[in-house]
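Peer 1: Task: produce atomic coordinates for the following.
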Amino acid sequence: MSEQPQFTISIDQNKFLPEGGREVHAIVSVEATAAEGAPVPSSTRASEVIIIDTSGSMSYPETKLRAAVAAAQVAIDTLRDGVEFAVISGSNIASMVYPRQPGLVAATPESRQEAKQALARLKASGGTAIGSWLRLADQLFDDVQGGIRHAILLTDGKNQHETAEELDAVLFRCGGRFVCDCRGVGTDWEVAELRKVASALLGSVGIVADPAGLVADFRAMTEAAMGKSVADVGLRVWTPQTASLRFVKQVTPSVEDLTGKRVESAPQAGDYPLGAWGAESRDYHICVSVPPGEVGKELRAAWVKLVVPGGPGEEARVVASANVLAQWTDDEAESTRINPRVAHYTGQAELASAIQQGLQARKDGDLDTATARLGRAVVLADEAGNDAITAMLRKVVDVVDPATGTVRLKRNVDKADEMELDTRSSKTIRTRKDETVTTRRGEG
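Peer 2: Numbering: from 1, shown residues only. Model prediction:
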């Protein structure tokens, strides 16, 4: 039985535009389902690189490095037999922990034991240069042709031993070559910095404030990577010659702007990388600007396809497709009806932005802006029913009125609570498909 999941695409939108209307919004839902009784993807080629920060700060407290080592050891035990792996030690330089020479080794009982013993000998010293760590990981993945390529990066500090430009250059090179999930341990690292790395490499970012939580977190990340069965999936979007694609954003399970990652694939078409997939679903928000049409005219505003790599020397295969439509009407009731899923995810994207802007303003000492943006976040979280984010916001602000967003900044906020809110701000929740939203364009 095939281990490859079956992909489907569905479109949620209101295709009707008013006379003179130009902007078409749609939620593209992509679902990959495993065939009933399909096995775990044991034959899918996969490679894993674990990057552990061993800068001097990892020795304070001592439990931090010990917990990181234990977490990496558990991740190695979680790998499937045959998965190629390596472990990197990161300080102001990157060095191999296992194997000794740069390369990947197949996971076997023997290699796992050797790697865990090598990890146990790690010592903390030096500084932090995340770009050099990723550059070495990229070199290791160079030997892997196809398959799932996944890395875990753990740090406890700021990227102080290389310039922002040096890190940006490495991220540009590594983008699309492997997926990297990033974790910060403790509270002395920069959320925005690690988010930039995760976003460039299509991974997640999270805080593990207490080192004791690293083992469970590393196990979960590795299990998720081992559940992937298709690498390098892409969303191909074609638009008419007279139209322009304004943006493509992932909106579930997290908000990620993919617009700048476009790779031209054909006339009037571009591919947006979606990373590796197992049995899961994700939603994407696309916006297309079209020239105004006559009342009654219908136009294909976009043709969306899901593509996966073909065999050696073969073109990418299209595994699912759907249309985004536009039709002009003089019926105000039709043209002012906003699709509920479009409305929901627009609000979720604004929520992420409001939280991040509010927390940055608070850090910068701009308390008026911080109060306004975090108050807006309270409103959006309440409207969306995002109880998890609401609970986190209440650790940062005192909520006077959730309906109006009237809040007061708390004087004393635990740094871990603030950083957890920041890292979780872009995580989204799904809306119920049976909701309806009707409003006039430009209102609300």
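
Peer 1: Give me the phi and psi for Gly176.
Peer 2: phi 80, psi -10 (degrees, to the nearest 10).

Peer 1: what's the closest non-adjacent residue to it?
Peer 2: Pro273 (5.2 Å; C-beta to C-beta, 6 or more residues apart in numbering). For the C-beta atoms, the positions are set from N, CA and C on the backbone; glycine is no exception.

Peer 1: Run me through the strand neighbours of the one helix or strand that neighbour maps to, direction for each.
Peer 2: According to DSSP states H and E, Pro273 maps onto strand 269-277. Here strand 269-277 has these sheet partners by DSSP bridges: strand 230-238 (antiparallel), strand 263-266 (antiparallel).

Peer 1: Deepest-packed of those, please.
Peer 2: Per-stretch averages of neighbours, counted by mean count of other C-beta atoms under 10 Å, single out strand 230-238 among these, with a mean of 21.

Peer 1: after that one comes which helix or strand?
Peer 2: strand 244-252.

Peer 1: one step back: contact partners for the residue nearest to Gly176?
Peer 2: By C-beta atoms under 8 Å, 6 or more residues apart in numbering, the contact set of Pro273 is 175-176, 202, 232-234, 258, 261, 263.

Peer 1: Kindly recompute the last result at 6 Å.
Peer 2: 176, 234, 261 (C-beta atoms under 6 Å, 6 or more residues apart in numbering).

Peer 1: Equivalent analysis for Thr44, please.
Peer 2: Applying C-beta under 6 Å, 6+ apart to Thr44 gives the contacts Ser229.

Peer 1: Could you check which helix or strand contains it?
Peer 2: Using DSSP H and E, no helix or strand contains Thr44.

Peer 1: what about the helices in this protein?
Peer 2: Using DSSP state H, the helices of the chain run over 62-78, 109-120, 130-141, 164-174, 191-200, 214-226, 332-335, 340-364, 367-384, 387-393, 415-424.

Peer 1: Show me what counts as buried in the fourth one.
Peer 2: The neighbour-count check on helix 164-174 (16 or more other C-beta atoms under 10 Å) flags 166-167, 170-171, 174 as buried.

Peer 1: Let me know the closest of the residues you listed to Asn159.
Peer 2: Nearest to Asn159 out of those is Leu167 (C-beta to C-beta; 6.0 Å).

Peer 1: any idea how far Leu235 is from the closest residue to the closest one other than its chain neighbours?
Peer 2: Residue nearest to Leu167 in three dimensions, not counting chain neighbours: Gly131, with 4.2 Å by C-beta to C-beta, 6+ apart. Taking C-beta to C-beta, to the nearest Å as the measure, Gly131 falls 28 Å from Leu235.

Peer 1: Over to Ala129?
Peer 2: In terms of C-beta to C-beta, Ala129 sits 33 Å off from Leu235.

Peer 1: ditto for Arg376
Peer 2: Per C-beta to C-beta, Arg376 is found 30 Å from Leu235.

Peer 1: Check Leu167 too.
Peer 2: Distance of Leu167 to Leu235, computed by C-beta to C-beta: 27 Å.

Peer 1: Ok, Asp387 next?
Peer 2: Distance of Asp387 to Leu235, computed by C-beta to C-beta: 30 Å.

Peer 1: got it, and Thr406?
Peer 2: Thr406 is 40 Å from Leu235, by C-beta to C-beta.

Peer 1: Equivalent analysis for Pro109, please.
Peer 2: 40 Å.

Peer 1: Asp217 touches Ala209, doesn't it?
Peer 2: No - between Asp217 and Ala209 there is no contact under C-beta atoms under 6 Å: 11.1 Å.

Peer 1: Compare those two and say which is more crowded by neighbours.
Peer 2: Using other C-beta atoms under 10 Å as the criterion, Asp217 and Ala209 rank with Asp217 on top: 20 against 16.

Peer 1: on that earlier part again, and the strand holding Pro273, C-alpha only, in PDB?
Peer 2: This file holds the C-alpha atoms of strand 269-277, laid out as PDB (Å, rounded to 0.1, in the frame of the first residue of the first chain):
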ATOM      1  CA  ALA A 269       2.800  31.300 -12.300                       C
ATOM      2  CA  GLY A 270       4.900  31.000  -9.200                       C
ATOM      3  CA  ASP A 271       5.600  28.300  -6.600                       C
ATOM      4  CA  TYR A 272       5.500  28.900  -2.900                       C
ATOM      5  CA  PRO A 273       7.300  26.400  -0.700                       C
ATOM      6  CA  LEU A 274       5.200  24.500   1.900                       C
ATOM      7  CA  GLY A 275       7.900  22.200   3.300                       C
ATOM      8  CA  ALA A 276       7.400  18.500   4.200                       C
ATOM      9  CA  TRP A 277       4.000  16.900   4.800                       C
END
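
Peer 1: What average pLDDT does that strand get?
Peer 2: Mean pLDDT, strand 269-277: 96.

Peer 1: So in terms of bridging, what pairs with Asn323?
Peer 2: What pairs with Asn323, by the bridge criterion (DSSP bridges), is Trp303.
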